[in-house]
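J.: sharing a model that was predicted from the sequence below.
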Amino acid sequence: MKLNKLLFNKFWLAAAAASATLLATPVIADAAKGMEIAVESDKRNTGFGDTLSEANMVLRNAQGRETTRKMRISTLETADDGDKSITVFDFPRDVKGIALLTWSHKEGSDDQWIYFPARKRTRRIASDNKSGPFMGSEFAYEDISSQEIEQYTYKYIKDDTVNGLNVFVTERYPTDSNSGYTRQVVYTDKAEYRVQKVDYYDRKNSLLKTLNFSNYKQYEDKFWRPHTMKMVNHQTKKETDLTFDSYNFKTGLNEQSFEQGRLRNVR
Amino acid sequence: MFGKRLRLIPAIGLLATSGGALAQGWQADLELGAELRHFNHESPQAEQKDWTGSVVFEGELTRDWLGGNLRATIKPFARADSADSERSHADLREAHLLYLNGSWELLAGVNKVFWGALESAHLVDIINQTDGVENIDGEDKLGQPMVRVAHYFPFGTAEAYVMSGFRDRTFPGQDGRLRTEIPVDTNNPEFQSKNGRETLEYALRFSGNVGSLDYGISYFNGNSRDPKLNFQPLVGQQGQVIGGTLVPFYEDIEQVSIDALWALGGWLLKAESFYRDDTEGGFSALGVGAEYTLVGVIGNIDIGLLGEYLYDGRDVQPVLTQRDVFAATRIVFNDQAGTEVLAGVIRDLDDKSYIGLVEASRRLSGRAEIALELRFLSGFDNDQNLDFVQKDDFGQLEVRWYF
């Protein structure tokens, strides 16, 4: 349970709501509603425990030439901090066996290590490099890392329709100055609080990328996971399709599985 | 389906790999490489060649039992070189069994281990012997027989090693380039320890992390991996020196070391140091370094800047690192082909010698990669053993295929 996080957010919401009533400023009300949507979305994913999934990435350049990446991702929900994850690469073959361990944090930079099996070397990396591309794709590290409520401030914009679903349109603003974005426009469906689409605006506040989520499936009667994430870069015309095979939930992973020293045993 | 391809290993916490399955649960991966080297200067000696070619084979066989808590790993290596019979060699890089039980781990067999934080030199990395015929950067290592017990804590890992079956350093032969003028006689090495290669060796290490600091503290007791090269004259009938060889001498040493890497904003700060007790009463070595990455300088291109300073307390030749500085840039293109370039220079502040290097690689496909390497050597005039190598500037092209 992310109890601390929920308590914190409830406090924040109460404070924001109180302020909104007192001052009656729509700006604060919109911020509170934006936060409320993010909190509800997060709450609906709380308690997933851990997951294993297998991912495929197809990178497509402006001329339509495609290359493929394959990887396996394990994720652990932690009690009072960001999620922990390990990504092991399977393809292309020159990076096979390379493993990336991330301890994401609600505040401050994440801890990240890469394990290189050829040299048997585990190397910490400077995690400020969150705006850089992941494996040469149109996904930045920050796009695929664990999304924590504290990483943004929020603002509700309007209601709309996306993929035939009624959605909340909100904006979120990264709190970390190392982010590659000024803002993201997030489309969250009202029925299940699933993110359907995100528009990313670069540091010059120009539309950079759009990410579409589709093929959602529900697990454990509660948790929704998208099986297709399609990122389009409007400036370079490059695209990346990230697709997931079925997810496995509650597989017995624990804190030990994500200890730094054990990264050398990951396969 | 998914469940068949992915086997869960709860104790290790990860999933077994999919492809490359053989019969009986063994997984196999194979790599083949073809390498062409050209030495820029004419051979200093008649038997040396300007062009050399070689092929290299590397494999990995693994198998899991007990739901992944018992694992066998075998990694053979072999190279055939057109010029140097010493560089044509085979090795078992790894051949071991690993057993995991909760927080405990037992490993027995031939293994490879890396300790350290720096890029230009690996001061504290002592478990494995350097495979000196592969390249002059000391990155390639020979497999070391060992028994290792490890205990994992949330904050770090404690390990104890017992080793025997010492591996001699490999040196280029008479026909090879990148060697000392007088070839090293690898057939008759000398050991301080009376048990020679059979000496029982011990090591202890604790490594862990506090916040954004990774650290390791290590102790080693055994044969030095770093031989002294003693000139053994060949004396003629009248007592005059008519030639000779360099004989490797492996001292019996004790060494304590620390290594640390600290991530501070976009910076990585690194340090390694050891104190070694040897036949001459002991000395220490220190290396410090910093790395900064400029993200997205032009488009997606990242530029890393690396600087390192190395100090070695020995004043005995032929140690390349006495007081050295290393400066380099790593350019990562973040393109589909994974293009990367590393260019840098290591300069000895005392004798003004330097080694320049360029390493570039990119993917040809999902199953093939091409790598270019250039090395420039200069200013070794003051070292009679290494004077020779400055004629050994070379360029190397390697294509590697994965099966």
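T.: That came through fine.
J.: next, B:G68: phi, psi?
T.: For B:G68, the backbone dihedrals (degrees, to the nearest 10) come out as phi 100, psi 0.
J.: secondary structure class of the residue in chain A that chain B sits nearest to, three-state.
T.: Of all residues in chain A, A:S257 sits closest to chain B, at 2.1 Å by CB to the nearest CB. From N, CA and C alone the C-beta is placed, and that goes for glycine too. Following DSSP: H, G, I helix; E, B strand; the rest coil, the label given to A:S257 is helix.
J.: these two touch, right, it and A:L76?
T.: Yes. Using CB atoms under 8 Å, A:S257 is in contact with A:L76, at 7.0 Å.
J.: correct me, but B:L107 touches B:L97?
T.: Yes. At 7.2 Å, B:L107 counts as touching B:L97 under the criterion of CB under 8 Å.
J.: okay, the two: which has more neighbours?
T.: Between B:L107 and B:L97, B:L107 has the larger neighbour count (other CB atoms under 10 Å in any protein chain shown), namely 22 against 14.
J.: who's that one bridged to?
T.: Per DSSP bridges, the residues bridged to B:L107 are B:L98, B:R148.
J.: against B:S212, how distant is it?
T.: Here B:L107 is placed at a distance of 29 Å from B:S212 (CB to CB, to the nearest Å).
J.: B:L261 too?
T.: Distance of B:L261 to B:S212, given as CB to CB: 9 Å.
J.: those two: who's more crowded?
T.: Higher neighbour count among B:L261 and B:S212: B:L261, with 24 against 19, using other CB under 10 Å.
J.: where does that one fall, secondary structure wise?
T.: Assessed by DSSP states H and E, B:L261 sits inside strand B:252-264.
J.: partners of that strand, with directions?
T.: Neighbouring strands of strand B:252-264 in its sheet, by DSSP bridges, are strand B:213-223 (antiparallel), strand B:267-277 (antiparallel).
J.: contacts made by the last one with the rest, please.
T.: Contacts to strand B:267-277, defined as CB atoms under 8 Å, 6 or more residues apart in numbering or on different chains, come from residues A:124-126, B:116-118, B:122-124, B:224, B:253-262, B:282-292, B:308.
J.: buried residues in it?
T.: By neighbour count on 16 or more other CB atoms under 10 Å in any protein chain shown, the buried set for strand B:267-277 is B:L268, B:L269, B:K270, B:A271, B:E272, B:S273, B:F274, B:R276.
J.: so what's in contact with B:L261 and B:S212 at the same time?
T.: Contact criterion CB under 8 Å, 6+ apart; residues shared by B:L261 and B:S212: A:R124.
J.: any low-confidence regions in the stretch 251-400 of chain B?
T.: B:315-321, B:381-388 (pLDDT under 70).
J.: would you agree A:V27 falls within a helix?
T.: Yes. Per three-state DSSP, A:V27 lies within a helix segment.
J.: let me see the contact set for it.
T.: A:K155.
J.: how far away is it from B:S212?
T.: According to CB to CB, A:V27 stands 36 Å off from B:S212.
J.: what of A:G97?
T.: 25 Å.
J.: do A:S53 as well
T.: A:S53 is 28 Å from B:S212, by CB to CB.
J.: ditto for A:V266
T.: For A:V266 relative to B:S212 (CB to CB), the value is 21 Å.
J.: one more: A:F89?
T.: Distance from A:F89 to B:S212, by CB to CB: 24 Å.
J.: which residues in chain A form helices?
T.: A:3-23, A:26-43, A:141-144 (DSSP state H).
J.: ok, residues contacting the last one?
T.: When contacts are taken as CB under 8 Å, 6+ apart, the neighbours of helix A:141-144 outside the stretch itself are A:129-132, A:134, A:174, A:179-181, A:200, A:211, A:231, A:242.
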